[in-house]
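J.: Build me a model from this:
(2 chains)
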Amino acid sequence: MRTLRRFLLCAAALLLCTGMLSGCHGSQGMADFAVPEQLDENRKFEITFWAKNDTNKTQTKIYEKAITDFEQLYPNIHITIRLYTDYGKIYNDVITNIATNTTPNVCITYPDHIATYLTGANTVVPLEGLFADEKYGLGGTEVKFDAPKTEEIAPQFLKECAFAEHYYAIPYMRSTEACYVNQTYVEKLGFTMPEVITWDFMFEVAEAAMAKDAEGNFAVNGQKVMIPIIYKSTDNMMIQMLKQKGAGYSDSDGNILIFNDTTKELLYQIAEHGKTGAFSTFKISSYPANFLNAGQCIFAIDSTAGATWMGSDAPLSDIAEDKIVKFDTAVRPVPQFDPSDMKMISQGPSICVFNKRDPQEVLASWLFAQYLLTNEVQIAYSETEGYVPVTTKAQMTPEYQEYLAMKGSDNTDHYQVKIEASELLLNHLDETFVTPVFNGSTSLRDAAGQMIENVTKSVRRKETVDDAYMEDLFGSVTSLYHLDQIRSASSANELGELPAASKTLLITLVVLWVLMGSYYFLQYRRSKKV
Amino acid sequence: MKKTFYSALAFTLLLAGCSGGGSKPASSAAAGPDTEKGSGVMTYEQYMAADVDSEVVIEAYVQAKQSWWDNTVTVYAQDNDGGYFIYGMKCSEEDNGKLTEGQKIKVKGYKSIWSGEVEVVDGEFELEEGKWVAPAKDVTAALGTDALVDSQNLKVAFKGMKVEPSKDADGNEVAWTYKWDGSGSEGDDLYFNVSVNGNTYSFTVESYLCDANSDTYKAVKELKVGDVVDLEGFLYWYEGPNPHITSVKAAQ
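T.: Numbering: from 1, shown residues only, chains lettered A, B, ... in the order given. Got it, this is the predicted structure:
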């Protein structure tokens, strides 16, 4: 598990470097993809599929079964899977392979990452043409399986895959963040669990939980350790807080808006609770689930895709059985500033199709990508964690509805916390959001989390966090994540006049072409006269 | 191209202590470890007593290191009194080459505890005069006891350990798995179970310490259920003992 911590940090660093390098690739680009009239079933196609699993062997098996089933339908298409457990590593490998035109055919990825892949010309296939193709499009007449039609993909999720004026991906799975709460301790501290937790409520309970008894143990759990709030992904924390506050983060033109007074205000609030020990993060303390299950955390905030690790009866656990404490787990949306205007992040993997010189190969890739949207794959994969199928077609099946209805009937397939986590997203689809996607949006996300990490570490180390500190922090993350080098669309339009040297070069080129044209024209005239 | 890219990012794995199948004898180093600390440097006892998140200054000898990346390196170090895990220490690629086995260093950083692992984080180091390679301490008898934690981060040995079955992704009994649940693939951490005195423990080959090309990684993949082996490694902690194995040999 420690490797993951290390890898997350490593991946973040690689993202930084590769993001900066991506503009330098020498890929010559490929022609626009045009949907072939017919799939050539007399040819063999070797398709590579780079996928991600959550260190979950069931997910691996689902991918393998999907491949086997697909190959039975299309015996001329052979799929080779390469498994990753981290999106950052996939991103890094894709970037590396763009230059040599050795990208995979199909890849599980995030829209933020695709925005960088797009720096290579025609690297990623825009999918709207394929969606609509009568024969091979979503639910097309020549498709050999029961694929969803475009309107059967949840519109919120499909919209997340549209950027730079195209659909560059299809959603694969969706999750959000949840606040997994030790309700037993909340009530023991004299509070009543609300349906929607506010940040103020959470911080108030957390500070109350810091009280100790005469022996120096925390009164609420009788242990030496209590970190009432642990946030796994501090980038999401900052992004959601800013969104709820209506404050700036970025816009779709790539303008960086995060360095504002609201951000400062939020960091001061976080610092206040970091200082008392009421708030910590995964990077500083470890996995929220480990502390929650040991009765050493009250509010564990993590992805709904991590729900199988949360709670006394969680099917997965990294801590010894004798350390697990019995308590009631409540699954709530991430804390809100205004419960009447909820906002929570939508996240989860999407699928992109890479362009190749052979349109037939791209079509074969697309068919496999589309196969991953079938009910069989969608339902099976979503049930491995607190994911939600991305198609309404799958969501509405009796099979999936029965799965939801069996919530809590066992602590494995129908583990209560896991299904409640899925329901959390299903019940709040209209309150989800995503951040704007542009080349550099990944770096901005990392910077957002880093500011929370830095502030928390600093107050724990008894450093002064004041306005001067904030200015330094803004400057250091800007520099570390190269946020000052992100070229926004608006700034690209504001480059002003070309330099004189460039003008001279362009004029010279034009003159040379005119002279060459005149020369060949005169030669032609002469030859005619002869 | 891919190889060049990794190289440029210095993401290639630099291994220490994994290729030779065990540590060198203590006599190969110049002398024993210094027992006196420099000015302003904590003793091991003071370090262990220091508050979490407080600034710490230690002196110790590098015993092994994980792969260098992004100007940081993670080091297993030891002095005469105890072991140190120095996580993500600032280090240029050039300086990384100087962090050879046995090299004495002074590290200034912050004390942290991550899932039970006591470590120095956000550290910076200076090279100091001195070399010492620690012998592996036999902690076989301490397995399963509260006393084991006293050897946290030390180079340790486990003698006469019997390989017990693990479950792979298909539920089959195997001698080792990629990742803890068998969901990984070549290059991922290896996990295997070993027993002594009727109790079974889970050990790890940490891929950032011993990658797939290392003798240790290969040796673990050759294990069969029922083999009896002597093991060496570093007593890392993750919610309990989680040794990072660096040497596997048939039991003597």
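
J.: contacts and neighbour counts: CA atoms only from here.
T.: OK.

J.: Next one: the closest residue to A:Phe163 other than its chain neighbours relative to A:Thr234, how far apart?
T.: Excluding its sequence neighbours, the residue lying closest to A:Phe163 (Cα to Cα, 6 or more residues apart in numbering or on different chains) is A:Val437, at 6.8 Å. Distance, A:Val437 to A:Thr234, by Cα to Cα, to the nearest Å: 19 Å.

J.: surely the residue nearest to A:Phe163 meets A:Ser252?
T.: Yes: between A:Val437 and A:Ser252 there is a contact under Cα atoms under 8 Å: 6.3 Å.

J.: out of these two, which sits in the more crowded spot?
T.: A count of neighbours by other Cα atoms under 10 Å in any protein chain shown puts A:Val437 above the other of A:Val437 and A:Ser252, at 25 against 16.

J.: who's in contact with the more buried one?
T.: Neighbour list for A:Val437: A:Pro111, A:Asp112, A:Ala115, A:Phe163, A:Ser252, A:Gly254 [criterion: Cα atoms under 8 Å, 6 or more residues apart in numbering or on different chains].

J.: Lowest-confidence member of those, which is it?
T.: Minimum pLDDT across the contacts of A:Val437 is recorded for A:Ser252, with 83.

J.: hang on, isn't that residue packed against A:Asn439?
T.: No: taking contacts as Cα under 8 Å, A:Ser252 lies outside contact range of A:Asn439: 10.2 Å.

J.: Just the helices from the stretch 151-252 of chain B, written as ranges.
T.: For the stretch 151-252 of chain B, applying DSSP state H, counting those that start in this stretch gives helices covering B:215-221.

J.: what residues does it put near chain A?
T.: B:Ala169, B:Lys179, B:Asp181, B:Gly182, B:Ser183, B:Gly184, B:Ser185, B:Glu206, B:Tyr208, B:Tyr238, B:Glu239 (Cα under 8 Å from any Cα of the partner chain).

J.: Drop anything exposed from those residues.
T.: B:Ala169, B:Lys179, B:Asp181, B:Gly182, B:Ser183, B:Gly184, B:Glu206, B:Tyr208, B:Tyr238, B:Glu239 (16 or more other Cα atoms under 10 Å in any protein chain shown).

J.: tell me the contacts of the residue of chain B found nearest chain A?
T.: The minimum distance from chain B to chain A, using Cα to the nearest Cα, falls at B:Ser183 (4.6 Å). By Cα under 8 Å, 6+ apart, the contact list for B:Ser183 reads A:Thr55, A:Asn56, A:Lys57, A:Thr60, B:Asp168, B:Ala169.

J.: Phi and psi next, for the closest residue to it other than its chain neighbours.
T.: Leaving aside its chain neighbours, B:Ser183 sits nearest to A:Lys57 (4.6 Å; criterion: Cα to Cα, 6+ apart). Main-chain torsions, A:Lys57, degrees, to the nearest 10: phi -70, psi -30.

J.: domains for the chain, by residue range?
T.: As the question left the chain open, I've gone with chain A. Domain assignment for chain A, taken from automatic domain parsing, gives A:2-24+A:503-529, A:32-175+A:347-396, A:177-346+A:430-488.

J.: actually it's chain B I care about, not the one you picked
T.: Taking automatic domain parsing as the reference, chain B has its domains at B:29-131, B:137-250.

J.: Let me know whether the shortest one sits next to chain A.
T.: Spelled out, that is domain B:29-131. Yes: using Cα under 8 Å from any Cα, domain B:29-131 reaches chain A at B:Asp53, B:Ser54, B:Glu55, B:Trp69, B:Asp70, B:Ser112, B:Ile113, B:Trp114, B:Ser115.

J.: Filter those down to the buried ones.
T.: The buried subset of the residues of domain B:29-131 next to chain A - by 16+ other Cα under 10 Å - is B:Asp53, B:Glu55, B:Trp69, B:Asp70, B:Ser112, B:Ile113, B:Trp114, B:Ser115.

J.: after the helix or strand containing the fifth one, next one along is what?
T.: The secondary structure element spanning B:Ser112 is strand B:103-114 (assigned by DSSP states H and E). With elements assigned by DSSP H and E, the helix or strand that comes after strand B:103-114 is strand B:117-131.

J.: For that next one, list every residue counted as buried.
T.: For strand B:117-131, burial by neighbour count (16+ other Cα under 10 Å) applies to B:Glu117, B:Val118, B:Glu119, B:Val120, B:Val121, B:Asp122, B:Gly123, B:Glu124, B:Phe125, B:Gly130, B:Lys131.

J.: How about stretch A:345-362?
T.: Judged by neighbour count (16+ other Cα under 10 Å), stretch A:345-362 contains these buried residues: A:345-356, A:359-362.

J.: Also within reach of chain B: list those from these.
T.: Of these, not one also sits near chain B (Cα under 8 Å from any Cα).

J.: Taking those residues, tell me the two that lie furthest apart.
T.: Largest separation among those by Cα to Cα: A:Ile345 and A:Gln360, giving 36.9 Å.

J.: Tell me what B:Lys106 is bridged to.
T.: Beta-bridge pairing for B:Lys106 (DSSP bridges): B:Glu59, B:Glu126.

J.: Report how many residues lie close to it.
T.: Residues near B:Lys106, counting by other Cα under 10 Å: 18.

J.: For it, give me its contacts.
T.: The neighbourhood of B:Lys106, defined by Cα under 8 Å, 6+ apart, consists of B:Val57, B:Ile58, B:Glu59, B:Ala60, B:Phe125, B:Glu126, B:Leu127, B:Glu128.

J.: before we move on, the earlier item: now the buried residues of strand B:117-131 as CSV including pLDDT and distance to A:Met241?
T.: Shown next, in CSV, are the buried residues of strand B:117-131 (pLDDT from 0 to 100; distance: Cα to Cα, whole Å):
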residue, pLDDT, distance to A:Met241
B:Glu117, 97, 32
B:Val118, 98, 32
B:Glu119, 98, 32
B:Val120, 98, 31
B:Val121, 97, 28
B:Asp122, 96, 28
B:Gly123, 98, 31
B:Glu124, 98, 34
B:Phe125, 98, 37
B:Gly130, 96, 51
B:Lys131, 96, 51
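
J.: Between those, which sits nearest A:Tyr403?
T.: Using Cα to Cα, B:Glu117 comes nearest to A:Tyr403 of these, at 39.6 Å.

J.: tally of neighbours for residue 218?
T.: Unless you meant another one, I'm taking chain A. If we define neighbours as other Cα under 10 Å, then A:Phe218 has 18 of them.

J.: try again with chain B
T.: By other Cα under 10 Å, the residues close to B:Lys218 number 14.

J.: now do the same end-to-end measure for stretch A:246-256.
T.: Terminal residues of stretch A:246-256 lie 15 Å apart, using Cα to Cα.

J.: Next, see if whichever strand or helix holds A:Ile452 gets close to chain B.
T.: Secondary structure from DSSP H and E places A:Ile452 in helix A:441-460. Yes: Helix A:441-460 lies within reach of chain B by Cα under 8 Å from any Cα, at A:Lys457, A:Arg460.

J.: average pLDDT across the helix or strand that comes right after that helix?
T.: With elements assigned by DSSP H and E, the helix or strand that comes after helix A:441-460 is helix A:467-480. Here helix A:467-480 scores 97 as its mean pLDDT.

J.: now the angle between helix A:441-460 and helix A:467-480, please.
T.: For helix A:467-480 against helix A:441-460, the angle by axes from the mean of the first three to the mean of the last three Cα atoms, to 10 degrees is 150 degrees.

J.: quick one: is helix A:467-480 near chain B?
T.: No: judged by Cα under 8 Å from any Cα, helix A:467-480 stays clear of chain B, getting no closer than 11.9 Å.
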